[in-house]
Every structure is written in structure tokens, then in C-alpha cells.
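1. Generate a structure from the sequence data that follows.
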Amino acid sequence: MSSSIVGDSFLGVDFGTITTRVALFDVVDGQYRFIGAGSAPTTLAPPYLDVGEGMRNALDQLAQATGRVFLDRDENLVVPGRADGAGVDAVVATASAGPEIRAVIAGLMPDISGESVRNLASSAYIKIVDELGLHDHRREEQQIDAILAAQPDLILIAGGTEGGACQAVLRQVEIVEMGCRLMPEERKPHVLYAGNSQIARTVQEKLIGHAKVHTVPNLRPSLEFEDLAPARAELASIFEDLRSTQLPGFAEMAQWSGQMLTPTARAFGQIVRFFSRVYEPGKGVLGADVGASTTTIAAAFEGRLHLTVRPGLGLSGEAEHAPSLLARWLPNDVPDDQILEYLYDKSLNPGTIPVEIEELYLEHAIAREVLREALLQAESSWRPYPGHRLQALRKHQQGRTSDGPGGELLPWFEPVLASGALFARAPRMGMTALTLLDGLQPTGVTTLVLDKYSLAPILGAAANLNPVAVVQVLDSGVFINLGTVVAPVGRARPGSPILRVQMQPDSGSEVNVEVRAGTLKVLPLAPGQIARLSLRPVGGIDVGLGPGRPANLRRVLGGAVGLIVDARGRPLALSNDPARRRENQQKWLTELNGPTLATR
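-> Purely as a prediction, here's the structure:
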């Protein structure tokens, strides 16, 4: 198995449900740089039934853009690169395409080991089809029947802290063993054991020959601590094995990448965790990747990653959204039946892109609801366990930073990274920024960063193999800074002054603004421009240093949209009057220079 990227050039390949993307990186003037990208429809469906065909089509596009040769006469990827410049020296590959992994989970206590194994399952492309546990009221034979009926690809077992329960865990294992014994040979599942390590060898001996057995360190070594990292790594290996047998073409790709086919969500989480180690230590880093059929939320606090994957929740309309929820984000009046018709068409044709501006509004409305729903699940895993506090949320860290806005609001993050074709292809950056502000509702001072070329998963997969290459590529500006956001938190009457902002750009005139509750303002600060920022909150308003405490930021970077002051409140409360809501949406789009009905 390859453990590093050797040589100058490497190719990144990402197999999505709808699109297969390839990206080329090479050394230019002694530094790794992003050279170019290509994309093509993923070819899982008939008549191709082979993901390799879509990859070759994407490589043809990349070859036309760069003038380089990637495939030999037999249509095989040239790895390593040749002296004549053909091929690449290494390959990293990520994948989200393919069916959900059907899983049965078994944990002793629902709110301890059961919670941990559910957190593990939620960090991958897994659909839980049944759950066993100590409090399961079904007889053992009924539980065995349930396993057989579920036809799982994977069974996850956890339970018992280190030095804790053994016999109760083994009873769960025996039920799983009997279920696996009765399965036909071609349906034998993978079984991942992540419980009390004292009995790990016994578990393996019981299951060997009846399932593909994997053992990893305990998910919950103590009541207060959860460690998902080793199990996530093993899940990635299981994912690769399942995809290689389920989907034609994946085995070939895994071979080219040195058996390093990484789930896209895990790779995206790795780049978010990578950011959390280099950005402001008192805050976390948030990443959101919205795709056609899956949404991933990754939050990292000083290197500790919390990853939530929602298969079936995306832009394709598979998840049910009430028309009234979508209508509240629209700047135009759209009947419910028209919204439902669009959702139905989108579910049948997930690869279509909006043609009319009204369709674009609807897609961004769906994205807002998708983000909110994914966050609701993700946030529960960020909360500290009893006796354990996330370092990034500790109170008054170094006497400077408050422990976050509290309640159900988002913690302080810096930056917020957004990925997904919807955000990248928006006709104006302001529309993407507004969708992220509405869907994620960041608090305090943060930066919105856009993964314009969908490189985050590829770079995340490469980070463990060549971190220097990833740092150099990121330093070259492959991600787009949409702008710094100031989102004050606190109670205030609409229209009342809550914040005084003084911005001194490195070139140009000083800007002084009084911000009123309920407003959204953009101050001009161009990409690459640097400014000093003074924030003077009024009363109990908090901008990240505690209620009423001023903030002086010596270095704030400009972005594609500018410096955004979002004083609409957290949580964001929309008007109950439909006409007023539509008026506000038009006004906010205009302020952020997004596409409006008046400008089409």
C-alpha cells in the first residue's frame, strides 16, 4: 500500500453520484500547484456500468486543457509518469458514488455505546437498517431473524468500557454470529468490533469463518471519552472493499491509487481537521459539502473531528421538504404545486441544472433546508460528553475568548468552508454567500471560503500522504475567500443600534458604520485587500469576546463579496408575512450583489 506521494505530479479523482472529477497537481518553480481539472458524468448507470468510463472522459477533458497525455493505447492510466511527460507519478482517489451501505448496529446501552456506534455510522455512507442492544425486548431468535431480514453489508458492534462489561457484549456477539452463520456465502457481511478490547480476540474467534471480521480500539474506552478515529479508518478500508465488489471499475481505480480509495466524506473531513490545526486555536473549523444525494457536515476543534454524513439528503429532492419551508427563502411568489413539481422532476433527474432564475432560487432554497437539517444532526455530536469539554469551547480561553454564543446557536468557527457544485456554479458569489449565511447561520467573526473547483476531498485524501504538497496548493489560493462575516449575537429590538463598525483598509478611506438590528450590510473590501477592524457592540451584544466586549482585529482579509455584517439575529427569524419575507429576500440579494428578478 502506498504511504506517500512520490514524485512531482499527482492526479486526484473524485467519483460522485452525478459527476466524476479529475484534478492535476504538479511542481511549478519548486512549489506544488493546481494545474487543471476535468469533469464528466459518472458512468454507473447503463449502458456503461463502469465508473472507469466516466473517469476516462474526464481525463480527456483534462488532457485537452493541459496538453498532457494520461492514458496509454490500452486506455490505462500511465502511472508513474514517463520521461516524455505522459502520465502522473501518483494517484489519490475519493468516492461517494454507489448505494448506501446497509448496516445493523449493536451496542449495549443506547445512550453510551449505542450513541457512539451511531456517531460512527453517521460519519460514513451508512444506512442503519436495524439496531440491537441490551434493552432489546425481542427474543434472541427474533433478533437473529431481524439480522437475516436486514441483509446488511456491515454489522457494527460496540459495548463495554475498558475493563468493563464482557459477558453482556459476548451475548450480543453470539446473536450476530448466529445470524452470520445462517447467511449464504455470497452475502456474508463485514463485522466491525469496536468494544471492550479485553474480549476482542474472543470476538474474532467466534466470528471468523462466518463474516469478514475487523477489530479496532474501543469506541468508548470510558464513559466520558469517545474515540472514533481508528474505527473511521477501518471503515474506509471496508468501504473500499465493498465498492470494489459492488461497482465495476472501482477495483481498477483502487489499484492505480495504491489501494487508497478514500470515502469522499472522510477526505472532506480530513481537510477540515487539517485547517483546524493551523487556524485560530480558540475556534473550530466548519465544513459543509452539499451534493446531489448526500450532505456532509464536518466540524473540527483543534484537530478533533466530528463528521456527519447524511445519505439521501441532498439537492435531488429525495428528502421531503414542505413547500412552505422552501417558499420562505424565495424572493418571488411560487405556488406550492409548482414547488412540488420541481422537487419531483429533480428527484427523477438529479443531474439537471437550473435554467431559469426561478429554478436557481428554488435550488438555493433547498440547499438552505438541507444545511439546516444536516446541522441539527451534526450539532449533537459536538456537545461535550459528561466530564469532557472541547478545548475550542472552553470558557474565556486564555482570558480572551468566550465559550461560544450558547444555546442552539453555532459555536465560533474560523473559517467556514463550503463545497458543492451548487455553490460553485452560482452566477454571483453573493448568492452563494447568502445561502450559506441563511443555512449555517455562523456567529461572531468568521470567513466564508468557497471550494470553487471541488478540490477539498482530493486535498484531504492527499493530506496524509504529502502534507507539504497540500499546504503549498492551499497557499496558492485554490479556495476563494467570499468575505469576512461579522454576525453579532444577542437580543435587540428590530431597528435599534447594536454595533459600531470602523474599518481602515490598507488603501482607501476609513469606513464608519452604525449597524442596526435586523439589517444585512456589505462594506467594500476587495479580494487581497487588508483592513483593520474595530467592533464596538452595544449592551449585551456579543461579537465573539463576550457580551458587550469590543474587538479590535488587526488583519481582516477582503473577499469576492466584501466584508459582510449580518445583524439579522441568531437564530434567524423570518417575517410571518409572505410579502414582507419576499421583499427582504430581494433586499438581501441586492445588498450582497446576488442575481435578482430585476437584474435578469
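2. what about the closest residue to D451 other than its chain neighbours, neighbour count?
-> Excluding the flanking residues, the one nearest D451 by C-beta to C-beta, 6 or more residues apart in numbering is S419, at 3.8 Å. Yep, even glycine has a C-beta here, placed from its N, CA and C like the rest. Using other C-beta atoms under 10 Å, S419 has 28 other residues around it.
3. wait, doesn't S419 sit right on S454?
-> Yes - the pair S419 / S454 is scored as a contact, 6.2 Å apart, by C-beta atoms under 8 Å.
4. For A298, list the residues it contacts.
-> 265, 268-269, 272-273, 286-289, 305-308 (C-beta atoms under 8 Å, 6 or more residues apart in numbering).
5. Could you rerun that using 6 Å?
-> 268-269, 272, 287, 307 (C-beta atoms under 6 Å, 6 or more residues apart in numbering).
6. Look up how far T161 lies from it.
-> Counting by C-beta to C-beta, to the nearest Å, the separation of A298 from T161 is 27 Å.
7. Over to S381?
-> 19 Å.
8. what does I144 give?
-> Taking C-beta to C-beta, one finds I144 at 27 Å from T161.
9. The two: who's more crowded?
-> Comparing I144 with T161 by other C-beta under 10 Å, the one with more neighbours is I144, at 21 against 18.
10. so which strand or helix has that one?
-> Element membership for I144, per DSSP states H and E: helix 140-150.
11. Just the strands from the stretch 51-200 of the chain, written as ranges.
-> Here the stretch 51-200 of the chain has its strands, by DSSP state E, counting those that start in this stretch, at 90-95, 101-107, 126-133, 154-158, 190-193.
12. which regions of the chain sit below the pLDDT cut-off?
-> In the predicted model, the chain carries pLDDT under 70 at residues 1-7, 257-259, 280-281, 317-319, 383-408, 594-600.
13. list the contacts for the residue nearest to H364 when sequence neighbours are not counted?
-> Closest residue to H364 apart from its sequence neighbours, by C-beta to C-beta, 6+ apart: T435 at 4.7 Å. Residues near T435 by C-beta under 6 Å, 6+ apart: 364, 367-368.
14. what's the helix or strand for G477?
-> Using DSSP H and E, G477 falls outside every helix and strand.
15. From the structure, what's the count of residues near it?
-> 11.
16. separation between it and S534?
-> 27 Å.
17. Over to F70?
-> Taking C-beta to C-beta, one finds F70 at 52 Å from S534.
18. who has more neighbours, the two?
-> F70 (24 against 15).
19. how much space between the nearest residue to that one once chain neighbours are set aside and G16?
-> Closest residue in space to F70, ignoring its immediate chain neighbours: L59 at 4.7 Å, by C-beta to C-beta, 6+ apart. Distance of L59 to G16, given as C-beta to C-beta: 16 Å.
20. Kindly report the domain assignment for this structure.
-> 10-97+251-259, 101-246, 269-599 (automatic domain parsing).
21. still on that earlier bit, wait, the residue nearest to D451 touches I458, no?
-> No - with contact defined as C-beta atoms under 6 Å, S419 does not count as touching I458 (10.8 Å).
22. And the lengthiest helix in the chain, how far out from the chain middle?
-> In the chain, with assignment by DSSP state H, the single longest helix is helix 357-380. Centroid displacement of helix 357-380 relative to its chain, using C-alpha atoms, centre = their mean, to the nearest Å, is 13 Å.
23. Now that helix: buried residues?
-> 357-358, 360-375, 378-379 (16 or more other C-beta atoms under 10 Å).
24. I'd like to know which elements that helix is packed against.
-> The elements that helix 357-380 packs onto, with contact taken as 3 or more C-beta pairs under 6 Å, 6 or more residues apart in numbering; DSSP states H and E, are strand 294-301, strand 304-311, helix 429-440.
25. again, only this time at 7 Å
-> strand 284-290, strand 294-301, strand 304-311, helix 323-327, helix 336-348, helix 429-440 (3 or more C-beta pairs under 7 Å, 6 or more residues apart in numbering; DSSP states H and E).
26. possible to save those as JSON lines with distance to L120?
-> Output for the helices and strands packed on helix 357-380, formatted as JSON lines (distance: least, C-beta to C-beta, whole Å):
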{"stretch": "strand 284-290", "distance to L120": "19"}
{"stretch": "strand 294-301", "distance to L120": "15"}
{"stretch": "strand 304-311", "distance to L120": "10"}
{"stretch": "helix 323-327", "distance to L120": "30"}
{"stretch": "helix 336-348", "distance to L120": "29"}
{"stretch": "helix 429-440", "distance to L120": "24"}
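27. Out of these, the one nearest Q585 is which?
-> helix 429-440 (8.5 Å; C-beta to C-beta).
28. hmm, back to that, skip ahead from the longest helix of the chain and say which helix or strand is next.
-> Downstream of helix 357-380 (by DSSP H and E), the next one is strand 413-419.
29. and the angle from that next one to helix 429-440?
-> With axes from the mean of the first three to the mean of the last three C-alpha atoms, to 10 degrees applied, the angle from strand 413-419 to helix 429-440 works out at 110 degrees.
30. following strand 413-419, which helix or strand comes up?
-> Counting by DSSP H and E, what follows strand 413-419 is helix 421-424.
31. In that following helix, which residues are buried?
-> For helix 421-424, by 16+ other C-beta under 10 Å, it's 421-423.
32. What is the nearest of these to D506?
-> F423 (28.6 Å).
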